[in-house]
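# 3D model of this:
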Amino acid sequence: EVQLVESGGDLVQSGGSLRLSCAVSGFTFADYAIGWFRQAPGKEREGVSYFSSSDDSTNYAESAKGRFTISRDNAKMTVYLQMNSLKAEDTAVYYCDAYTEWAPRTDYWGQGIQVTVSS
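Numbering: from 1, shown residues only. Model (predicted):
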């Protein structure tokens, strides 16, 4: 059974930092892309950053470039999102997602975790 469990969400002041963790089980990183999405109140879910399963490359949304870093500890089966220089607009529920990069796409989602940035 595929499971993803996020942790590390918190209330932080603007300009601060947080590190989110996603502990995964039930699959191998070679078979799934894995990364982070977020959903702010009243907005659609959007991609933040992910590892590609095909070549292990990392990808970032424009809003995350230069401030967020995705990393992975294969031994711990954990994916991290280091978020620096946080802004109020980063406030959202953050989700860890593992998905196939081929059709038909299959997604496995974590339960989501709240990140709140106060201005």
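# Run through the bridge partners of the spatially most central residue of the chain.
The centroid of the chain falls nearest to residue 36 when counting by C-alpha atoms, centre = their mean (2.0 Å). Counting by DSSP bridges, residue 36 forms beta bridges with residue 49, residue 96.
# Going along the chain, name the strands of this structure.
All strands of the chain, identified by DSSP state E, fall at 3-7, 11-13, 18-25, 33-39, 46-51, 58-60, 68-73, 78-83, 92-99, 107-109, 113-118.
# in the last one, what's buried?
Spelled out, that is strand 113-118. Neighbour-count burial for strand 113-118 flags 113, 115, 117 (criterion: 16 or more other C-beta atoms under 10 Å). Using the backbone N, CA and C atoms, a C-beta is placed for each residue, glycine as well.
# Repeat that for the first one.
Buried residues in strand 3-7, counting neighbours by 16+ other C-beta under 10 Å, are found at 4, 6.
# Show me the contact partners of that strand.
20-26, 94-98, 108-113 (C-beta atoms under 8 Å, 6 or more residues apart in numbering).
# Kindly recompute the last result at 10 Å.
Identification of contacts with strand 3-7 by C-beta atoms under 10 Å, 6 or more residues apart in numbering yields 19-27, 34, 36, 78-79, 81, 93-98, 108-114.
# and the strands of the chain as JSON lines, adding mean pLDDT?
Listed next are these as JSON lines, based on pLDDT from 0 to 100:
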{"stretch": "strand 3-7", "mean pLDDT": "96"}
{"stretch": "strand 11-13", "mean pLDDT": "98"}
{"stretch": "strand 18-25", "mean pLDDT": "97"}
{"stretch": "strand 33-39", "mean pLDDT": "96"}
{"stretch": "strand 46-51", "mean pLDDT": "96"}
{"stretch": "strand 58-60", "mean pLDDT": "95"}
{"stretch": "strand 68-73", "mean pLDDT": "96"}
{"stretch": "strand 78-83", "mean pLDDT": "97"}
{"stretch": "strand 92-99", "mean pLDDT": "97"}
{"stretch": "strand 107-109", "mean pLDDT": "96"}
{"stretch": "strand 113-118", "mean pLDDT": "98"}
